[in-house]
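Enquirer: predicted model and sequence below, questions to follow.
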Amino acid sequence: LLFRYNIPMEKDDNLKNKFEKLKNIQPSDALFKTVFKDKENIKTFIEVFHPQIAKYLDFDSITILDTEKYNLLESEKRHLDIAFEIKLKDMEEEIDLYFILEHKSAPDKDIYLQLLSYIYARFQEVYRATNKLPNIIPMVIYVGKEDWNLPTSTIENVPLPDKLKDIVFKLSFLLHTPKTLSSEQVKSIRKELGLYPYLVLMDTIAKRLSIKTGLIEIFSHTDGFEIRALYVAEIKRTSDIDFKELNTILSSIPTGGEEIMNVFEEAILYG
């Protein structure tokens, strides 16, 4: 509207630079990577959701891997989100596990190719360096408005005889969505400030919390405009709330809501 009707806007180079940088940010991916590049958040997540796996892992040995060097689909310039290496504890022989954490904001049939591309690249790199094949656990964390409607295995819905299912190649992954999360699991990590707000976000998307309650809880456990703005952007993306209603909620949150509301309004004026 500003440019269409040639309405003058007060010049603010700092504001302009801030919004130019924001143009190229994917809020959903940025938030996911901010949360899951933290080793403590990874540790808490696996302990809460996969205690049967966590008991074997030496969390002091976590190494976050550089996924930028693995360009999964060259034509699309896409990269894997998060990958880390971790050692198994109490083993006679030193054994490493590799976890792939792929974030999705919408159901995506390309997920199988994306995971398979990274698995192949990792197999190739590790085998060439050590003459051993890596042990990889793929995991998909879905944060979206729609229900996840894709199988977690390439043979899940294929009517193969059981004997063939045991030997045919299959790609499978662990899946986490707002609906696979329980409010009890969220509450159990309330003291974990890094991961807790992200799980509150998923609880809010699943509509177990109201948007206002979810945002109040997120804001009370986060510090800083940037991270709070990313959470608000995710709430807006994954809900049916309109901007006016969201503004009303933000203006009623004492810890930072009005600040974010004001910047969003400035962003709209900026165009």
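Expert: That came through, no problem. Numbering: from 1, shown residues only.
Enquirer: what about Asn135, how many neighbours?
Expert: Applying other CB atoms under 10 Å, we find 12 residues neighbouring Asn135. (C-beta placed from N, C-alpha, C; glycine too.)
Enquirer: for the protein, what helix or strand is lowest in average pLDDT?
Expert: Least confident helix or strand of the chain, by mean pLDDT, DSSP states H and E, is strand 71-73 with a mean of 50.
Enquirer: what are the ranges of the strands in the stretch 51-200 of the chain?
Expert: In chain order, the stretch 51-200 of the chain shows strands spanning 57-64, 71-73, 78-79, 82-88, 96-104, 135-142, 174-176, with DSSP state E, counting those that start in this stretch as the criterion.
Enquirer: kindly reformat the ones you listed as JSON lines containing distance to Gln114.
Expert: Written out in JSON lines, the entries for the strands of the stretch 51-200 of the chain read as follows (distance: least, CB to CB, whole Å):
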{"stretch": "strand 57-64", "distance to Gln114": "19"}
{"stretch": "strand 71-73", "distance to Gln114": "5"}
{"stretch": "strand 78-79", "distance to Gln114": "7"}
{"stretch": "strand 82-88", "distance to Gln114": "12"}
{"stretch": "strand 96-104", "distance to Gln114": "7"}
{"stretch": "strand 135-142", "distance to Gln114": "10"}
{"stretch": "strand 174-176", "distance to Gln114": "14"}
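Enquirer: in terms of mean pLDDT, which of these ranks lowest?
Expert: The weakest mean pLDDT among those belongs to strand 71-73, with a mean of 50.
Enquirer: show me where the stretch 151-271 of the chain has helices.
Expert: Counting by DSSP state H, counting those that start in this stretch, one finds helices in the stretch 151-271 of the chain at the ranges 162-165, 183-188, 196-205, 211-220, 225-237, 243-251, 257-270.
Enquirer: Throw the ones you listed into TSV and include mean neighbour count, thanks.
Expert: As requested, the helices of the stretch 151-271 of the chain are exported to TSV (neighbours: other CB atoms under 10 Å):
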stretch	mean neighbour count
helix 162-165	10
helix 183-188	14
helix 196-205	24
helix 211-220	20
helix 225-237	19
helix 243-251	15
helix 257-270	16
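Enquirer: reformat the ones you listed as a markdown table; add mean pLDDT and distance to Asp110.
Expert: As requested, these are exported to a markdown table (pLDDT from 0 to 100; distance: least, CB to CB, whole Å):
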| stretch | mean pLDDT | distance to Asp110 |
| --- | --- | --- |
| helix 162-165 | 87 | 24 |
| helix 183-188 | 90 | 29 |
| helix 196-205 | 95 | 22 |
| helix 211-220 | 94 | 30 |
| helix 225-237 | 88 | 20 |
| helix 243-251 | 87 | 31 |
| helix 257-270 | 70 | 31 |
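Enquirer: which stretch among those helices comes nearest Gln26?
Expert: The closest of the helices of the stretch 151-271 of the chain to Gln26 is helix 225-237. By CB to CB, the value is 9.8 Å.
Enquirer: show me what the closest one is in contact with.
Expert: For helix 225-237, the surrounding residues in contact (CB atoms under 8 Å, 6 or more residues apart in numbering) are 27-28, 30-31, 34, 105, 143, 145, 197, 201, 204, 211, 214-215, 218-219, 222, 241, 243, 246, 250, 256, 259-260, 263-264.
Enquirer: where does Tyr118 land on pLDDT?
Expert: In this prediction Tyr118 is given a pLDDT of 88.
Enquirer: ok, the one 4 residues further on next?
Expert: Arg122 carries a pLDDT score of 89 in this model.
Enquirer: distance check, Lys39 against Leu101.
Expert: Going from Lys39 to Leu101 by CB to CB, to the nearest Å gives 12 Å.
Enquirer: common neighbours of these two, please.
Expert: Listed as contacting both Lys39 and Leu101 by CB under 8 Å, 6+ apart are Phe84.
Enquirer: for this structure, what's the longest helix?
Expert: Across the chain, the longest stretch assigned as helix under DSSP state H is helix 111-130.
Enquirer: name the residues that touch it?
Expert: With CB under 8 Å, 6+ apart as the test, helix 111-130 has contacts from 67, 70, 72-73, 78, 80, 83, 98, 100, 102, 104, 108, 132-134, 136, 138, 140, 150, 154, 171, 173.
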